[in-house]
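>>> prediction below, plus the sequence it came from.
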Amino acid sequence: MEGIVEGLIDLIFPPLCAFCGTPLAKDGKVEICQGCLRNIRFISPPICPTCGLPFPLEMGEDHLCGQCLQRQWHFGSARALGLYEGTMREAIHHLKYSGRSFLAKPLVELLERGYPFIDYGSYDILVPVPLHPKRLRERGFNQALLLGKAIGRREGVSCRGFVLKKARWSFPQISLSLKEREENVRGSFSVADPAAVRGKRILLIDDVMTTGSTVNECARELLKAGAGEVDVFTLARVV
């Protein structure tokens, strides 16, 4: 009877794509239509083994990118699910700026469509990149925390939302150069609970990685507080 009732409900009120609202067949897995899926470019090898930057050629081995040959990272590796464009960009934009917090769940469900390059179970805790209290009041939620909780529930890993805090206000990064971004976030973050990170293998969570300045500063603070290792995962990567 339960199956019959669910079938009737789906017939009268068909499930809709979480991103564009198109009716779709219920498969119990991903709430996204094929059109939106085709508009997402998932990242796959070859990539830079450190920062996760994808290379344009589909053939070849992973190798360090030019930036990683010159730049010092405090995290061990960074990975992203897809490129910050098309459906991925629009969905993240709506999540952050249009108050559509429900998009965190279908965005995380995209993990099963992407390249399986992260063993989430090997991490002790997930730590989302925090927002400044002023930004948190404006937005009403921290999108990185929503994503971290959704990943944690899916993968069975504890998400610790208040381990990191952002005590110093920094200007929006969008129009800044690499050097300006690094200076803008320097000293912005601190670890609120050092005991929670001491000796832990941590996966830092955020929505988008552009130059990596923000996650690098967060990783630096976590290591300074005694974390054993810090890696990074973001939904999207700007290239």
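Here it is on my side, so go on. Residues are numbered from 1 along each chain as shown.
>>> outline the domain layout of the protein.
For the chain, automatic domain parsing gives the domain ranges 1-38, 41-237.
>>> could I get those as TSV with mean neighbour count?
Heads up, the C-betas are built off the backbone N, CA and C, glycines and all. Formatted as TSV, the domains of the chain follow (neighbours: other Cβ atoms under 10 Å):
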stretch	mean neighbour count
domain 1-38	13
domain 41-237	18
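>>> rank these by mean pLDDT and give me the bottom one.
Among the domains of the chain, domain 1-38 carries the lowest mean pLDDT, at a mean of 69.
>>> got the contact list for A167?
A167 makes contact with 132, 188-190 under the criterion Cβ atoms under 8 Å, 6 or more residues apart in numbering.
>>> which ones among these map onto helices?
Assigned to helices by DSSP state H, none of the contacts of A167 qualify.
>>> now, which of these sits nearest R113?
Taking Cβ to Cβ as the measure, F189 is the one of the contacts of A167 closest to R113, at 31.6 Å.
>>> bridging residues for that closest one?
Legend: beta-bridge partners of F189 under DSSP bridges are K166.
>>> if I pick it, what's in contact with it?
Counted by Cβ under 8 Å, 6+ apart, F189 has contacts 130, 164-167, 217-218, 221.
>>> measure it to Y115 for me?
Between F189 and Y115 the computed distance is 29 Å (Cβ to Cβ, to the nearest Å).
>>> now swap in L176 and tell me
In terms of Cβ to Cβ, L176 sits 30 Å off from Y115.
>>> what of H63?
Distance from H63 to Y115, by Cβ to Cβ: 17 Å.
>>> same check on I174?
Distance, I174 to Y115, using Cβ to Cβ: 27 Å.
>>> again, but for D231
In terms of Cβ to Cβ, D231 sits 16 Å off from Y115.
>>> ends of stretch 151-167, what's the gap?
Across stretch 151-167, the terminal residues are separated by 26 Å (Cα to Cα, to the nearest Å).
>>> how far off centre is that stretch?
Distance, stretch centre to chain centre, for stretch 151-167: 12 Å (Cα atoms, centre = their mean, to the nearest Å).
>>> now name the helix or strand holding L203.
Using DSSP states H and E, L203 falls within strand 201-209.
>>> next one: whichever helix or strand comes after that strand to chain centre, how far?
Following strand 201-209 in sequence order, the next helix or strand is helix 213-224 (DSSP H and E). Computed by Cα atoms, centre = their mean, the chain-centroid distance of helix 213-224 equals 16 Å.
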